[in-house]
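>>> missing the sequence, but the structure's below:
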């Protein structure tokens, strides 16, 4: 009996080591987004839904304070490394976070960039984003239909040096094609309402005959709309086009203050961002560039984007 008990006990111990526990099956994955606006909140919620539908995924999240919160994002990356994540999906706020991501890669963490890439950085498993150059072209092609040769336009940049935001401006100019317009002013907004207001005011003050404003991100749009209204310009006498279809843009399109915006799909980014990280952790082949698409929002189809 003692021999039988000993064999059974040994078998139980062997099975305990041979069969992984439920906790051991969990994959801890991190998501770091830029700053608190609805676009990134939607992305985070979609990632959480993905994790809820995949019990093996343990999701930890973090978010910076602003579009220029480089130190905050670096701190979040370092925290994720300390927490032992196996994969990290991140919307990099600036290329200078790359050295912190190098530390993550050195620790064996799979990194997937979401929303925008980092030029010449080779450490990511994939980029999950809108093709921002093509999105900018969509905006430019729309502007081509409502402007005429010689019209003056202003550009509200996002954060200069961030590739996704720069591509939106480059793409817009390409989308205009052979239509010769005059860009009479541009300025960085850091994707904030406050700078959207002040940059638009400066451009309008210097150019009272301005015909249009294009903004490379959503938060500055309500500020631009306010500046246009304060200048006494009627909605039907001015063209305002944005990018993101967020942060008050849907309401602005419905009211006539904004003519169009290029919509991204942040929920798709959140879902595919985490899914791509999980696949990379498992050693599965992932696409280097996962395009989450874009579409033009106007008054004619705005209800589809509410």
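Structure received. Since the structure is predicted, the reported quantities are computational estimates derived from the model, not experimental observations.
>>> isn't residue 290 right up against residue 127?
Yes - counting by C-beta atoms under 8 Å, residue 290 sits close enough to residue 127 to count as a contact (7.0 Å). The C-beta positions use only the backbone N, C-alpha and C, and glycine is treated the same way.
>>> geometrically speaking, which residue is the centre of the chain?
When the chain is reduced to its mean C-alpha position, the nearest residue by C-alpha atoms, centre = their mean turns out to be residue 115, at 3.5 Å.
>>> excluding chain neighbours, what is closest to it?
Among residues not flanking residue 115 along the chain, residue 91 sits closest, at 4.2 Å (C-beta to C-beta, 6 or more residues apart in numbering).
>>> quick one: the helices in this protein?
Shown for the chain, the helices assigned by DSSP state H span residues 2-18, 22-25, 38-53, 70-83, 98-106, 132-146, 163-175, 193-206, 220-230, 249-255, 266-281.
>>> comparing the ones you listed by mean pLDDT, which bottoms out?
Ranked by mean pLDDT, these end with helix 2-18 in last place, scoring a mean of 42.
>>> nearest to residue 299, out of the helices of the chain?
Of all those, it is helix 249-255 that lies closest to residue 299, at 5.9 Å by C-beta to C-beta.
>>> and that closest one, what's buried?
By 16 or more other C-beta atoms under 10 Å, the buried positions in helix 249-255 come out as 249-250, 252-253.
>>> need those residues in TSV (columns: distance to residue 164).
Listed next are the buried residues of helix 249-255 as TSV, based on distance: C-beta to C-beta, whole Å:
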residue	distance to residue 164
249	17
250	21
252	22
253	22
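>>> before we move on, the earlier item: quick check: the residue nearest to residue 115 vs residue 78, distance?
When distance is defined by C-beta to C-beta, to the nearest Å, residue 91 is 17 Å away from residue 78.
>>> and what of residue 69?
Distance check for residue 69 against residue 78: by C-beta to C-beta, it reads 14 Å.
>>> of the two, give the one with the bigger neighbour count.
The residue with more neighbours, out of residue 69 and residue 78, is residue 69; 17 against 13, by other C-beta atoms under 10 Å.
>>> verify the contact between that one and residue 93 for me.
Yes - judged on C-beta under 8 Å, residue 69 makes contact with residue 93 at a distance of 6.1 Å.
>>> so who does the nearest residue to residue 226 once chain neighbours are set aside touch?
Closest residue to residue 226 apart from its sequence neighbours, by C-beta to C-beta, 6+ apart: residue 197 at 5.7 Å. By C-beta atoms under 8 Å, 6 or more residues apart in numbering, the residues touching residue 197 are 220, 223-224, 226-227.
>>> would you list those in CSV and tack on distance to residue 45 and neighbour count?
Output for these, formatted as CSV (distance: C-beta to C-beta, whole Å; neighbours: other C-beta atoms under 10 Å):
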residue, distance to residue 45, neighbour count
220, 24, 33
223, 26, 23
224, 28, 30
226, 29, 16
227, 32, 22
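>>> take those residues and lay them out in JSON lines including distance to residue 207.
Below are those laid out as JSON lines (distance: C-beta to C-beta, whole Å):
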{"residue": "220", "distance to residue 207": "17"}
{"residue": "223", "distance to residue 207": "17"}
{"residue": "224", "distance to residue 207": "14"}
{"residue": "226", "distance to residue 207": "17"}
{"residue": "227", "distance to residue 207": "12"}
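>>> out of these, which comes closest to residue 97?
When the contacts of residue 197 are compared for distance to residue 97 (C-beta to C-beta), residue 220 comes out closest, at 23.0 Å.
>>> residue 198 is in contact with that closest one, correct?
No - here residue 220 lies out of contact with residue 198, judged by C-beta under 8 Å, at a distance of 9.7 Å.
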